[in-house]
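Visitor: Sequence first, then the predicted structure, then my questions.
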Amino acid sequence: MTLTADFGPRDIHAQVERTGIKGRHLTFIDDLSPDELSNLFLTAEMLEPYWRSGLELLRHRILCTLFFQPSTRTRFSHETAMYRLGGNVLTESNPLISSSAAKNESLYDSIRVIAQYADVLVLRHPDDERVLADLEALGSDSVPIISGGYGNVTHPTQGLLDMYTAWRVLGGDFQAMTVMIATPDLSRARSGQSFALGLARMGARIVYSGTTGLRTPDVIREKLDAMGARYEEHNDLTISQQEELIADQGIDLLYLPGCSVKKGDPGRDDFMKKMEGYYFTVEGLSRIQEKGGKTVGVMHSLPRNEGEFDFGIDNTVHELYFKQIGFSVPLRMSLIANIVGVS
Ligand code: CP
């Protein structure tokens with residue numbers, strides 16, 4: 001046993017100081033170092049007692065949400081988090097109809113204007129290259145911008161809440177975790193890919209199960225390789241082959257990024273057909289447990305569609321997808337508090 005000089009009651013201000021990400025944008029989850037990720041999770045754990053009742057950490061501060069794509073969870077949970085921190089929210093959920101984007105105002109101009117009102121912006125946008133170019137051009141003429149999802153490649157706060165859920169449910173040792181990310185379309189699975197990048201940052205092992213021709217985008221693959229990530233890829237497996245793989249590899253968590261093809265898209269029927277090969281069931285999870293000895297947790301970024309997986313999992317010990325929603329609030333409280341600062 002060793003005594004340390006900095007032992008004392010936990011202090012949220014000191015904790016935020018330790019995280020040290022005040023004023024930064026969040027674009028990719030791997031913009032964060034392992035220490036920064038750990039400190040975000042420690043801050044979230046300190047804020048958990050307040051995720052329903054609230055506290056006055058960010059009184060008079062303003063968060064703006066600007067969403068160019070539909071959302072329920074990402075927008076509402078950032079807004080809930082800001083209200084629980086004692087701050088206020090400006091929200092724009094349909095900018096192409098009800099903001100000056102409908103009058104052809106550029107994203108660059110909108111951000112410069114919002115920076116005069118708000119302390120932090122959460123932005124969801126379909127065009128990642130447009131956003132990255134504008135961030136570069138804006139330089140210091142912007143408030144910190146948290147990505148609520150850009151294009152097909154990044155959804156870092158989803159990855160963070162998935163990591164926080166994994167950290168809480170499995171006891172915090174990422175290096176001992178193996179996570180399978182299973183979807184027919186890894187090329188458009190921005191939530192699964194953000195989770196993968198975060199897991200890789202912390203040393204977890206990743207097993208991808210996808211289909212030939214819809215592979216992980218190069219930008220993600222390059223990042224994984226640069227980190228020396230422990231990952232492997234399997235393609236075109238049947239559901240029973242996937243069950244065997246999960247049991248044999250000692251997978252702890254099965255992550256289903258869900259359907260990335262919108263209603264009305266001509267490719268949706270084909271995608272849903274491919275999803276049949278990923279239809280995990282309660283019975284299948286029991287077979288995995290019998291063979292491999294592990295109770296696999298099932299995660300999903302939601303929303304989900306009928307036919308993606310057995311909704312009977314909802315009422316079993318395997319269900320983590322609704323628990324993820326609960327953990328999203330203290331995690332996003334932590335993120336906002338750390339980025340805005342709590343002086
Ligand atoms: N998981 C997720 O991003 O959900 P929303 O699209 O509802 O925000």
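Guide: Arrived safely. Residues are numbered from 1 along each chain as shown.

Visitor: Flag every buried residue along the longest helix along the chain.
Guide: For the chain, the helix with the greatest residue count under DSSP state H is helix 321-340. By 16 or more other Cβ atoms under 10 Å, the buried positions in helix 321-340 come out as 321, 324, 326-340. The C-beta positions use only the backbone N, C-alpha and C, and glycine is treated the same way.

Visitor: And stretch 18-26, by the same measure?
Guide: 19, 21, 25-26.

Visitor: quick one, what contacts the residue in the stretch 201-343 of the chain that the ligand sits nearest to?
Guide: Taking Cβ to the nearest ligand atom, the ligand has its nearest neighbour within the stretch 201-343 of the chain at Ser301, 4.0 Å off. Ser301 makes contact with 155, 158, 162, 191-192, 256-258, 321, 324, according to Cβ atoms under 8 Å, 6 or more residues apart in numbering.

Visitor: Now tell me which of these the prediction trusts least.
Guide: Among the contacts of Ser301, Gly258 carries the weakest pLDDT, at 81.

Visitor: Can you tell me the SS state at it?
Guide: Counting by DSSP: H, G, I helix; E, B strand; the rest coil, the backbone at Gly258 sits in coil.

Visitor: wait, it sits on Gly307?
Guide: No - at 11.5 Å, Gly258 does not count as touching Gly307 under the criterion of Cβ atoms under 8 Å.

Visitor: Tell me which of these two has more neighbours.
Guide: Of the pair Gly258 and Gly307, Gly258 is the one with more neighbours under other Cβ atoms under 10 Å, namely 20 against 14.

Visitor: Need phi/psi at Asn235.
Guide: phi -130, psi 150 (degrees, to the nearest 10).

Visitor: My guess is it contacts Gly210. True?
Guide: Yes - judged on Cβ under 8 Å, Asn235 makes contact with Gly210 at a distance of 5.7 Å.

Visitor: Between the two, point out the one with more neighbours.
Guide: For the pair Asn235 and Gly210, the greater number of neighbours falls to Gly210 (24 against 14), based on other Cβ under 10 Å.

Visitor: what about the residue of the stretch 101-250 of the chain found nearest the ligand, neighbour count?
Guide: In the stretch 101-250 of the chain, the residue that lies nearest the ligand is Gln158 (5.3 Å; Cβ to the nearest ligand atom). If you count neighbours by other Cβ under 10 Å, Gln158 ends up with 28.

Visitor: wait, doesn't it sit right on Ser191?
Guide: Yes - between Gln158 and Ser191 there is a contact under Cβ under 8 Å: 4.3 Å.

Visitor: How about the contacts made by Phe309?
Guide: 256, 278-281, 298, 300.

Visitor: Now with 10 Å, please.
Guide: Neighbouring residues of Phe309 by Cβ atoms under 10 Å, 6 or more residues apart in numbering: 182, 254, 256, 258, 275, 278-282, 284, 298, 300, 321.

Visitor: Give me the subset of those that lies in strands.
Guide: Applying DSSP state E to those, the entries found in strands are 182, 254, 256, 298, 300.

Visitor: Let me know the distance separating Ile206 from Ser343.
Guide: Here Ile206 is placed at a distance of 38 Å from Ser343 (Cβ to Cβ, to the nearest Å).

Visitor: and those two? which has more neighbours close in?
Guide: Ile206 (22 against 7).

Visitor: if we can go back for a sec, what sits in contact with each of Asn235 and Gly210?
Guide: With Cβ under 10 Å, 6+ apart as the test, Asn235 and Gly210 both reach 184, 186.

Visitor: hmm, the longest helix of the chain in reach of the ligand?
Guide: No - Helix 321-340 is not in contact with the ligand by Cβ under 6 Å from any ligand atom; minimum separation 8.6 Å.
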